[in-house]
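Peer 1: 3D model of this:
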Amino acid sequence: MTPGVGENGSSERVGTWLVQQVSGFSGVAVDEIDVAAPLSEYGLNSVSALAICAAIEDEYEIEIEPTLLWDVESVSALTDAVVARLS
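Peer 2: All right, here's what the predicted structure looks like:
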């Protein structure tokens with residue numbers, strides 16, 4: 001678990017963790033994830049989007065909307081949204 005913003009809640013750490021999640025659920029290698037690219041490019045479906053949202057809630061002990069991945073356009077925007085909720 002990552003408690004609060006602190007060191008583990010930095011944008012860089014959150015972004016790295018989210019890239020790993022997108023990679024794991026999409027099957028795309030971590031080094032091939034472009035944080036500025038639309039999340040839709042990685043073939044995530046509603047089941048994987050909900051799983052990523054659940055993983056975010058578990059990892060960062062925050063509550064997020066299950067539609068968050070559809071509301072943001074990229075890993076970068078998702079990172080910003082998660083970090084904002086951690087503040």
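
Peer 1: what's the closest non-adjacent residue to residue 10?
Peer 2: Excluding its sequence neighbours, the residue lying closest to residue 10 (C-beta to C-beta, 6 or more residues apart in numbering) is residue 83, at 7.8 Å. Just so you know, the C-beta spots here come from the backbone N, C-alpha and C atoms, and that holds for glycine as well.

Peer 1: any idea which helix or strand carries that neighbour?
Peer 2: Assigned by DSSP states H and E, residue 83 belongs to helix 75-86.

Peer 1: buried stuff in that helix?
Peer 2: Judged by neighbour count using 16 or more other C-beta atoms under 10 Å, the buried positions of helix 75-86 are 75-79, 81-83, 85-86.

Peer 1: Out of those residues, which is nearest to residue 69?
Peer 2: residue 78 (6.8 Å; C-beta to C-beta).

Peer 1: what bits of the protein have low per-residue confidence?
Peer 2: Low-confidence segments of the chain (pLDDT under 70): 1-9.

Peer 1: in it, which residue is closest to the centre?
Peer 2: Of all residues in the chain, the one closest to the mean position by C-alpha atoms, centre = their mean is residue 18, 3.7 Å from it.

Peer 1: Look up how far residue 33 lies from that residue.
Peer 2: In this view, residue 18 and residue 33 are 9 Å apart by C-beta to C-beta, to the nearest Å.

Peer 1: Kindly report the same for residue 58.
Peer 2: Distance from residue 58 to residue 33, by C-beta to C-beta: 21 Å.

Peer 1: And the two? Which one has more around it.
Peer 2: residue 33 (20 against 11; other C-beta atoms under 10 Å).

Peer 1: how many neighbours does the residue lying closest to the more buried one once chain neighbours are set aside have?
Peer 2: Nearest residue to residue 33 in three dimensions, chain neighbours excluded: residue 19, at 4.8 Å (C-beta to C-beta, 6+ apart). Other residues near residue 19 come to 21 when the count uses other C-beta under 10 Å.

Peer 1: Would you double-check that residue 19 falls in a helix?
Peer 2: Yes. Using DSSP: H, G, I helix; E, B strand; the rest coil, the secondary structure at residue 19 is a helix.
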